[in-house]
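In: this one's sequence-less:
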């Protein structure tokens with residue numbers, strides 16, 4: 001009888017899964033100043049090779065944007081570390097692709113502080129003497145937000 005041997009190589013996984021991978025990439029990614037000034041947005045696809053320990057040993061841009069985005073994507077990909085399951089006690093090099101999105105940061109400007117002022121005047125009628133001037137009281141409120 002022939003032995004049932006696996007015919008495929010197990011894929012490496014990032015500790016914590018894809019969600020942790022995206023979180024790591026977004027935390028390490030710094031928008032290049034050239035891309036900010038040119039207002040460039042888009043995605044960079046990087047093909048990288050992993051050795052048997054899970055380190056990125058080679059990375060190349062498959063589809064880039066320019067303006068420093070390609071170099072930044074390569075820098076972040078080279079920081080990645082994966083867990084590689086052992087493949088039949090062979091030291092295997094694995095190739096994968098990753099897409100890194102570059103989106104301009106939201107720069108919401110704060111509106112100017114607004115202010116509301118209300119003032120009104122009340123008059124009291126003097127009942128004891130008719131020739132005197134009525135007494136005036138002024139109120140003023142200012143609300144800032």
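Out: Thanks, I have it. Bear in mind that the values here come from a model prediction, so they are computed numbers and not experimental data. Residues are numbered from 1 along each chain as shown.
In: for residue 102, give the beta-bridge partners.
Out: residue 42 (DSSP bridges).
In: that one is in contact with residue 35, isn't it?
Out: Yes. With contact defined as Cβ atoms under 8 Å, residue 102 reaches residue 35; the gap is 6.5 Å. Every C-beta, even on glycine, is put in place using the N, C-alpha and C of the backbone.
In: overlap of the contact sets of the two?
Out: Common contact partners of residue 102 and residue 35 (Cβ atoms under 8 Å, 6 or more residues apart in numbering): 65, 69.
In: pLDDT weak spots in the chain?
Out: 1-7, 87-88, 108-112, 125-134, 141, 145 (pLDDT under 70).
In: how is it partitioned into domains?
Out: 17-102, 115-144 (automatic domain parsing).
In: just the ones you listed: most buried one?
Out: domain 17-102 (a mean of 15; mean count of other Cβ atoms under 10 Å).
In: so how far is that domain off the chain centroid?
Out: 16 Å (Cα atoms, centre = their mean, to the nearest Å).
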